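Participant: missing the sequence, but the structure's below:
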Ligand code: CA
């Protein structure tokens, strides 16, 4: 937990530990980043947006930039009216958010959902190949030809979702719900931003993801005819 409200930390610590989780907490962004690098690597990070030193957005960006923490799910804690910050949060790789004031019960459900999703992905340990693209679901790694494309947890989930549903149109709303795990009230622009970045990272294999203007995205049915 990276959060500067001591009372909130105490309440969350109490409830998380009662559910069997171990917690570590920091009151500033910089202290949180140091803590996240320590063993064991956290299974999830609860990140407040408004911190006394650096913003939660910057913390999230740095978590994503570090090899050790780039796959760790990040749940943002935001205040009402921080809509823009939430959007930016997703753009820098946050996985979900809750709006303050939230009930402890709601937060616990979100944390569990986040960890379940992560575990399901880890359990689904197999390699998938499509044209120039190769994915290792267990290791969360992707290669285009023989070059690794370094993806965030969210980008990897987006790519896997599109690939597994190839040939079928996915609306932005559907992707928001299934990949981000939230109702589609964040704005579908978030999806566009992520797809754009994913395509860039995939280079030549980016063209497997087709845009259906005004509708959403579709992963090509077949890789034939796209070999470079
Ligand atoms: Ca705060």
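Facilitator: Received, thanks. None of the values given here were measured: they were computed from a predicted structure.

Participant: quick one: name the residues of this structure near the ion.
Facilitator: 4, 48, 50 (Cβ under 5 Å from the ion). Quick note: C-beta positions are derived from backbone N, CA and C, even for glycine.

Participant: for stretch 179-190, measure first residue to last.
Facilitator: Between the opening and closing residues of stretch 179-190 there is a gap of 11 Å (Cα to Cα, to the nearest Å).

Participant: oops, could you answer that again for stretch 216-223 instead?
Facilitator: Span of stretch 216-223 from end to end, Cα to Cα: 20 Å.

Participant: buried residues in it, which are they?
Facilitator: 216-220 (16 or more other Cβ atoms under 10 Å).

Participant: I figured residue 15 hits residue 102, correct?
Facilitator: No - with contact defined as Cβ atoms under 8 Å, residue 15 does not reach residue 102; the gap is 12.0 Å.

Participant: need the contact list for the closest residue to the ion within the chain.
Facilitator: The nearest approach of the chain to the ion comes at residue 50, 3.9 Å away (Cβ to the ion). Listed by Cβ atoms under 8 Å, 6 or more residues apart in numbering, the contact set of residue 50 reads 4, 56, 79, 82.

Participant: residue 38 sits in which helix or strand?
Facilitator: Counting by DSSP states H and E, no helix or strand carries residue 38.

Participant: swap that for residue 4, sorry
Facilitator: Going by DSSP H and E, residue 4 is not in any helix or strand.

Participant: give me the pLDDT value at it.
Facilitator: In this model, residue 4 is scored at 96, pLDDT.

Participant: kindly report the same for the one 4 residues further on.
Facilitator: The predicted local distance difference test score for residue 8 is 93.

Participant: so what touches the helix-or-strand element of the chain with minimal mean pLDDT?
Facilitator: In the chain, the helix or strand scored least confidently by mean pLDDT, DSSP states H and E is helix 83-91, which has a mean of 75. The set of residues external to helix 83-91 that reach it, using Cβ under 8 Å, 6+ apart, is 49, 56-57, 60, 76, 78, 97, 154, 180, 186-187, 189-190, 193-194.

Participant: hmm, back to that, which among the residues of the chain next to the ion gets closest to residue 168?
Facilitator: residue 48 (38.0 Å; Cβ to Cβ).

Participant: which helix or strand lies directly C-terminal to the longest helix along the chain?
Facilitator: Ranked by residue count, the top helix of the chain under DSSP state H comes out as helix 104-123. The helix or strand immediately downstream of helix 104-123 is strand 127-130, counting by DSSP H and E.

Participant: buried members of the contacts of residue 50 into ChimeraX, please.
Facilitator: With 16+ other Cβ under 10 Å as the criterion, this ChimeraX line picks the buried residues out of the contacts of residue 50:
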select :4,56,82
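
Participant: and the closest residue to residue 106 other than its chain neighbours, which of the three is it?
Facilitator: Closest residue to residue 106 apart from its sequence neighbours, by Cβ to Cβ, 6 or more residues apart in numbering: residue 98 at 6.4 Å. Assigned with DSSP: H, G, I helix; E, B strand; the rest coil, residue 98 falls in the strand class.

Participant: which residues touch residue 98?
Facilitator: With the criterion set at Cβ under 8 Å, 6+ apart, residue 98 makes contact with 75-78, 106-107, 110.

Participant: repeat that for 7 Å
Facilitator: 75, 77, 106-107, 110 (Cβ atoms under 7 Å, 6 or more residues apart in numbering).

Participant: fine by me, we can end here.
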